[in-house]
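Chemist: Next one to model:
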Amino acid sequence: MTRTKLLRKQHEDIEIIARELLHDSRNIQNWDDAKLVHRKLLRLDSLLTTHLNSEDYFLYPEMISSDDYEASTVATRFSTEMGGLASRYNAFKIRWTSAEQLQINPIGFQSELRTILAAIFIRNKKENAELFPLADRLPGREAA
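Modeler: Residues are numbered from 1 along each chain as shown. Below you'll find the predicted structure:
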């Protein structure tokens, strides 16, 4: 099992939920629609928070401190370029804490959702293509 197998699976799961959210958020017309979208947002939040914490507090620091120059350099660059994603996501999450807020301002929610998910999709794509292969070749711990 590779070091990043779980992280890659989480990327897939995040993208599935995110695409459902993007689709469903276009149709918030009543309380039931808002509740449905909010439940999916909570599912995304649970997975995304766990995932970002695993990367930001374990994978990235491990790679940055490794003896592998390329892994350390790439992880440092990624951390610098994308390190603010968790805080941007948290700000988004704080603004949209209830189904009522989604129902009151569905267009604002859709706009912010598209922006934050675009950043998440970019990060996931870059990690899958560039970071994770380097992490998988490092000696030591498996299946992060």
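
Chemist: From here on, just use CA atoms for contacts and neighbour counts.
Modeler: Noted.

Chemist: remind me which residues of this structure are low pLDDT?
Modeler: Across the chain, the ranges flagged by pLDDT under 70 are 1, 141-144.

Chemist: Which positions in the helix or strand hosting Arg43 come out as buried?
Modeler: Arg43 belongs to helix 31-54 when assigned by DSSP states H and E. Using 16 or more other C-alpha atoms under 10 Å as the test for burial, helix 31-54 gives Asp33, Ala34, Lys35, Val37, His38, Lys40, Leu41, Leu44, Asp45, Leu48, His51, Leu52.

Chemist: just the CA coordinates of it, formatted as CSV?
Modeler: Written as CSV, here are the backbone C-alpha positions of helix 31-54 (Å, rounded to 0.1, in the frame of the first residue of the first chain):
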residue,chain,number,x,y,z
TRP,A,31,-36.2,25.1,2.7
ASP,A,32,-35.9,21.5,1.7
ASP,A,33,-33.4,22.3,-1.0
ALA,A,34,-31.4,24.4,1.4
LYS,A,35,-31.3,21.6,4.0
LEU,A,36,-30.2,19.1,1.4
VAL,A,37,-27.3,21.3,0.3
HIS,A,38,-26.4,22.1,3.8
ARG,A,39,-26.2,18.3,4.7
LYS,A,40,-23.9,17.8,1.8
LEU,A,41,-21.8,20.8,2.8
LEU,A,42,-21.4,19.2,6.3
ARG,A,43,-20.3,15.9,4.7
LEU,A,44,-17.8,17.8,2.6
ASP,A,45,-16.6,19.7,5.6
SER,A,46,-16.0,16.5,7.6
LEU,A,47,-14.0,14.9,4.9
LEU,A,48,-12.1,18.0,3.8
THR,A,49,-11.1,19.1,7.3
THR,A,50,-9.7,15.6,8.1
HIS,A,51,-7.9,15.6,4.7
LEU,A,52,-6.4,19.0,4.9
ASN,A,53,-5.2,18.3,8.5
SER,A,54,-3.6,15.1,7.4
